[in-house]
Structures are given as structure tokens and as C-alpha cells.
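In: sequence and computational prediction follow.
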Amino acid sequence: MAVPVLFFAVFFAYPVTAIVGRGLRSDGVWQFGRVGDVLSRPDILDVLWFTTWQALASTALTLVVALPGAYVFARFDFPGRHLLRAVVTVPFVLPTVVVGTAFLALLGRGGLLDELWGVRLDTTVWAILLAHVFFNYAVVVRTVGGLWSQLDPRQEEAARVLGASRLAAWWRVTLPALGPAVAAAALMVFLFTFTSFGVVQILGGPAYSTLEVEIYRQTAQLLDLPTAAVLTLVQFAAVGAILALHAWTVRRRETALRLVDPALTARRPKGPGQWTLLGVVLTVVLLLILLPLGVLVERSFDGPGGYGLTFYRALTSVGTSGTFLVPPLDAVRTSLEYAVVATAIALAVGGSAAAALTRRAGRLVRGFDALLMLPLGVSAVTVGFGFLITLDKPPLDLRASWILVPLAQALVGVPFVVRTMLPVLRAVDGRLREAAAVLGASPLRAWREVDLPLVRRALLVAAGFAFAVSLGEFGATVFIARPDRPTLPVAVARLLGRPGELNYGQAMALSTVLMVVCAVSLLVLERIRTDRSGEF
């Protein structure tokens, strides 16, 4: 556990604590009265209220839209099912900047709805809610659908034989079994929408601000560190409570049910009702998932002189706007280089943590397991700004070093590595290691010849997820990416922040490139993964 503990202490706890301390300390004295002062301000109360209710509304809307999809992917067997399951997961690994850009092309000024019906939804809460459903649809489909596919259908059939109606059998048998999975999915969706940054920043305009957006505004634009520190503490407390509830629901899901092979539960749809449900779900996927992505691609080719590669060619030059010091296309190479390094760091840290959590039990270790998830919910803006004010003096003078960006990206990748590796490592029979030790193998050789062959595919999947999320990290990177080496999400945000058709088109083109890279990575993962239980 030494490697992950040291990594999180230096590159997570230290920057976050330092920036909070700088905001709440004055002349070496802690000023906790600032907490009450900040939380009593009407503008901050409005931010807290909007952050909470939009997260609740996004979670409820996501469950309503995605639960039928979870059932269809779990119980129906139809051509292209596995490919479509991978496609609906693409939005989850997309950077939030790309998600916001896609919905801007669909709902914003000059977007598809504006051209067809004169309707604009950008700078409205509906654009934010729809984008959140788009982003989190796969969380419900994989988490709930993964468990649903493993529930023995004979239990519900037995209830029907005993006289229960189809609805009563589902209500009394299936729903209680799915309860922990639905709760876990709802908590994860709430977590991601509660801490939403890129989507709200692009689609919400100045009228809407979540905690994360407000932390960024107070830090980067107003330089009001006390307010940012208080908001960071509020978000930290909320995220901690959400993760504790999530860990409890996951433990219930793991221990309360007897599961079967998912391959035995999927059947071809029968009757008009099931075929209608399949059609409705496919229509939702088409309109909610594929249409925004398709509009994004279409806008990237729709240049001033008609369809062509005008915007893509513009990415190869610096231009005269002063937005970049290097051609925007260089951000592709820079992002790939950073993501590869971040993936290596995430595998080393996350793999060590997963191995430690596999070998040891106890409350302390379970608590550390929960702490590993905190980077997913704690303000990435706080982490990024914390890097700037803490890692600027020996022996950790990294502010001018390129390694700073991969370190921030690896923080987000580690939880995915742990969540992917941990179930597989726990499934390895410990007697195999003991037999290798009896035959004279050292611990390193036993790991190399026993564990590694069994977890090789899981390791590749973990690397793929870490690569995808590192590629799209934005909240921390926007602070620490150097002007001459911007990452793809930072480049997209800069282009969207400048007026003009050329900047807008280049943002669409760069977003399309980033979307394609993430989608290809995910489709490759679906080909090599063997675990179909629905976990990310």
C-alpha cells in the first residue's frame, strides 16, 4: 500500500489541503468563521440550491430514460447487441467539454433545432439536463443491466406460476433484487452531475453555476480563495457522503444474491410488447446518443464554402487570432503523449492499490478503498490550482515540468484501474499462489506466472479506461497545461471561448477527433474484455 498511499498523499491530499488552508488561514490562524460568512451569502446559496436540484433532476431523468435500456440489453438478444452496448458507453468516456460541444451543435445558436424549428435550448437548464442524461446513460445500463442479466429469471417465473401478475412479480421479486444496483447507479449519476463542470460551463452560460463552476470562477477569475476553499469543503463533504452510501450499496449487491451466467438469461424478443419496447429503446439511443454525436461530426465538415475539410486544415496552422502558440492539431500529439504517461502511472498506483486491497481486509483497508474514489468527485479545479501553489519549490518543483499534467490525469484514472482490477484479483484462487510458493517460487515469480496470466485481460481493460479518461481530463488540466502544449479538451475550450465561425468549426473538428479516439479505445476494450457483469 506504500505506493498508492504516498501518491495520494503528495498529489491529492497535499494540494487540496494547501489550497483550502490558504483560503481559510490568515496570519497563521484558522478563520473558520469564513465558512458561515460564505454559506450565508445569497449568491452562494443559489449556487448550492441549483447544484443540488439539477443533480437530483438529472439523476431522476437518467433513471427514467435508461432503466428500459438496461432491461433490453440485459434480457433481449438481438443482432448488434454487443456493438450497440459499446456505443452507448462512448459518451461516458468522452470529455465533458466534447459532450457540451456536441449539445451546443444540436441545441445552440445555428444548431440543428435552431435551423429546423427556430428552437434554442443552450443557456437553459434543459440543455444541461439532456447532456447529463446523455453522459450518464451508460452508468445505469451497465450497472443495473449487468446485474439484471445475472438474475435467475426462474424466480420471477415461479411467482407467475403462483398467481402473481407480470407487474406484481416484477415489483415483489425483481425490483427488490435490483434495488442495490439501482441505488448504486443513482448515486454515481448524482455524483457526476453534482460535480459537473464542462457541461455547465459550455451550455449553462452565466445564468447557471454548479459548485465546480463556481469554484473555478472564484479561483481563476475573482481570485477569491476563501470562498473557493469553503465551497471545496462543502463539495468534499457531499462527495464523501455519496461515496460512503455507494460503497454500502455495492457491498449489498455483492453479497445478497445468487447469480447465473448472463448468457443463459438473454432471449430473442417475443410478442408485440417486447418488440415495441426494443424499438422505443433503439429510438432513444438514436436520438439521445447518436444524434448529438452525428451533429458534432456534421458541423466539423460544414465549412464557409460548403462541406469539406476547411476546419480540419485550419487545425494545422497557428492562425492570427492569438488563441494558440502552436497549431491546434499539435494538441492531438500532446494529449496522446500525456495520456500514455498518465496511464502508466495509473496502472502502477492503481494496480498496487488493488493488490493490497485483495490481500488484506479490515475497516482501515475498506476506508482506503473509498478514499481511492475521491478524485472522481472532489473538485478537479481545486486539485489543478493546488498543483500550482504547492508543487513549485524543491524537492517537488514541478510547475514548469511537463509531468504535472500526466500526474493530474492519473489521479482520475486510478479509480478506474482499481475498480477494474479488484474483482478479477479477488477471483484468483489463493491456493495457486501457495502451491507456487511450496514449489520454490519467489513472490515476484509467483505473481508473474500465476496472477499475471489470469489478470492480463483485466489489466488491458484497466489501461484502456485509464487512457480514455486521462485523454479527456479537463478540470485540473485547464490550470496546468502550458500554452505551448495544450491538451485536446483545453484546446476545444479555448476555441469555443473565441468568437468567429472558424474558431467554432475548429472546436467541432477537434472534438470529433477526440471523440473518435475515445470511441476506438472503448470498442477495442469491448473486444478484449471477458467480464460482462456490467462494471466499468
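Out: The structure has been received and is ready for your questions.
In: can you name the element that comes right after the lowest-mean-pLDDT helix or strand in the chain?
Out: Every helix and strand of the chain was ranked by mean pLDDT, DSSP states H and E. The lowest is helix 363-371, at a mean of 69. Of the helices and strands lying after helix 363-371 in sequence (DSSP states H and E), the nearest is helix 380-390.
In: in the helix or strand where Tyr137 lies, which residues are buried?
Out: Tyr137 is part of helix 125-148, with elements assigned from DSSP H and E. In terms of neighbour count (16 or more other Cβ atoms under 10 Å), helix 125-148 has its buried residues at 125, 127-148. Just so you know, the C-beta spots here come from the backbone N, C-alpha and C atoms, and that holds for glycine as well.
In: ok, stretch 235-248 next?
Out: Those would be 235-236, 238-240, 242-243, 245-247, for stretch 235-248 by 16+ other Cβ under 10 Å.
In: check stretch 70-86 too.
Out: 70-76, 84-86.
In: format the residues you listed as TSV; extra columns: pLDDT.
Out: Formatted as TSV, the buried residues of stretch 70-86 follow (pLDDT from 0 to 100):
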residue	pLDDT
Ala70	89
Tyr71	88
Val72	89
Phe73	87
Ala74	84
Arg75	84
Phe76	86
Leu84	84
Arg85	80
Ala86	77
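In: take the residues you listed and keep only those in strands.
Out: Per DSSP state E, strands hold no members of those.
In: any chance of the buried residues of stretch 235-248 in CSV with secondary structure and pLDDT as columns?
Out: Below are the buried residues of stretch 235-248 laid out as CSV (DSSP: H, G, I helix; E, B strand; the rest coil; pLDDT from 0 to 100):
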residue, secondary structure, pLDDT
Gln235, helix, 84
Phe236, helix, 80
Ala238, helix, 84
Val239, helix, 81
Gly240, helix, 79
Ile242, helix, 80
Leu243, helix, 75
Leu245, helix, 77
His246, helix, 70
Ala247, helix, 69
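In: so which strand or helix has the closest residue to Val280 other than its chain neighbours?
Out: Once flanking residues are discounted, Val280 sits nearest to Pro68: 6.8 Å by Cβ to Cβ, 6 or more residues apart in numbering. If you go by DSSP H and E, Pro68 is part of helix 42-75.
In: so which elements touch that helix?
Out: When contacts are defined as 3 or more Cβ pairs under 8 Å, 6 or more residues apart in numbering; DSSP states H and E, helix 42-75 packs onto helix 33-39, helix 81-93, helix 125-148, helix 175-194, helix 211-216, helix 225-255, helix 271-284.
In: what bits of the stretch 1-150 of the chain have low per-residue confidence?
Out: Applying pLDDT under 70 to the stretch 1-150 of the chain flags the ranges 27.
In: the residue nearest to Val280 - how many residues pack around it?
Out: 16 (other Cβ atoms under 10 Å).
In: next one: it from Gln409, what distance?
Out: 35 Å (Cβ to Cβ, to the nearest Å).
In: kindly report the same for Ala507.
Out: Ala507 is 21 Å from Gln409, by Cβ to Cβ.
In: in contact with the nearest residue to Arg109 once chain neighbours are set aside, which residues?
Out: In space, and not counting its chain neighbours, Arg109 is closest to Arg120: 6.0 Å by Cβ to Cβ, 6+ apart. Residues in contact with Arg120 (Cβ atoms under 8 Å, 6 or more residues apart in numbering) are 107-109, 111, 113-114.
In: from those residues, keep the buried residues only.
Out: 107-108, 111, 114.
In: got these as JSON lines, with distance to Asp392 columns?
Out: JSON lines is the format used below for the buried ones among the contacts of Arg120 (distance: Cβ to Cβ, whole Å):
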{"residue": "Leu107", "distance to Asp392": "41"}
{"residue": "Gly108", "distance to Asp392": "39"}
{"residue": "Gly111", "distance to Asp392": "42"}
{"residue": "Asp114", "distance to Asp392": "46"}
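In: can you add distance to Leu287 and secondary structure and give the residues you listed back as a markdown table?
Out: Output for the buried ones among the contacts of Arg120, formatted as a markdown table (distance: Cβ to Cβ, whole Å; DSSP: H, G, I helix; E, B strand; the rest coil):
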| residue | distance to Leu287 | secondary structure |
| --- | --- | --- |
| Leu107 | 13 | helix |
| Gly108 | 17 | coil |
| Gly111 | 14 | coil |
| Asp114 | 17 | helix |
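In: between the residues you listed, which is nearest Ala493?
Out: Using Cβ to Cβ, Gly108 is the member of the buried ones among the contacts of Arg120 that lies nearest Ala493, at 15.2 Å.
In: what residues does the closest one make contact with?
Out: So Gly108 contacts 114, 120-122, 127, 203 (Cβ under 8 Å, 6+ apart).
In: next, it: phi, psi?
Out: phi -90, psi -170 (degrees, to the nearest 10).
In: can you check Gln31 too?
Out: Backbone torsions for Gln31, taken as degrees, to the nearest 10, come to phi -110, psi 70.
In: that one contacts Gly21, doesn't it?
Out: No. At 10.6 Å, Gln31 and Gly21 do not qualify as touching, with contact defined as Cβ atoms under 8 Å.
In: for stretch 100-112, what is the distance to the chain centroid?
Out: Mean-position distance between stretch 100-112 and its chain equals 22 Å (Cα atoms, centre = their mean, to the nearest Å).
In: one step back: how about the residue nearest to Val280, what does it touch?
Out: Pro68 touches 277, 280-281, 284, counting by Cβ under 8 Å, 6+ apart.
In: whichever of these end up buried, select them in PyMOL.
Out: Selection command for PyMOL covering only the buried members of the contacts of Pro68, criterion 16+ other Cβ under 10 Å:
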select buried, resi 277+281+284
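In: go through stretch 486-498 and flag the buried ones.
Out: 486-496.
In: among the contacts of Gly108, which one sits closest to Val405?
Out: For these, the nearest to Val405 is Leu203 (25.6 Å; Cβ to Cβ).
In: quick check: the closest one touching Ala131?
Out: Yes. Look at Leu203 against Ala131 with Cβ under 8 Å: they come within range, at 6.0 Å.
In: which neighbours do these two share?
Out: If you check Leu203 and Ala131 against Cβ under 8 Å, 6+ apart, the residues they both contact are 100, 103.
In: hang on, the residue nearest to Arg109 in a helix?
Out: No. Counting by DSSP: H, G, I helix; E, B strand; the rest coil, Arg120 is not part of a helix but coil.
In: quick check: it vs Ala105, distance?
Out: Taking Cβ to Cβ, one finds Arg120 at 12 Å from Ala105.
In: between these two, which contacts overlap?
Out: Common neighbours of Arg120 and Ala105, counting by Cβ under 8 Å, 6+ apart, are Gly111.
In: low-confidence ranges, the stretch 401-536 of the chain, go.
Out: Residues of the stretch 401-536 of the chain that meet the cut-off, pLDDT under 70, sit at 526-536.
In: and the strands in it?
Out: For the stretch 401-536 of the chain, no strands are identified by DSSP state E, counting those that start in this stretch.
In: residue contacts, Thr358?
Out: Going by Cβ under 8 Å, 6+ apart, Thr358 touches 422, 425-426, 428.
In: okay, buried residues for stretch 514-527 please.
Out: 514-515, 517-519, 521-522, 525-526.
In: in TSV: these, plus distance to Ala186.
Out: What follows is these, written out as TSV (distance: Cβ to Cβ, whole Å):
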residue	distance to Ala186
Leu514	29
Met515	27
Val517	30
Cys518	25
Ala519	26
Ser521	27
Leu522	23
Leu525	25
Glu526	25
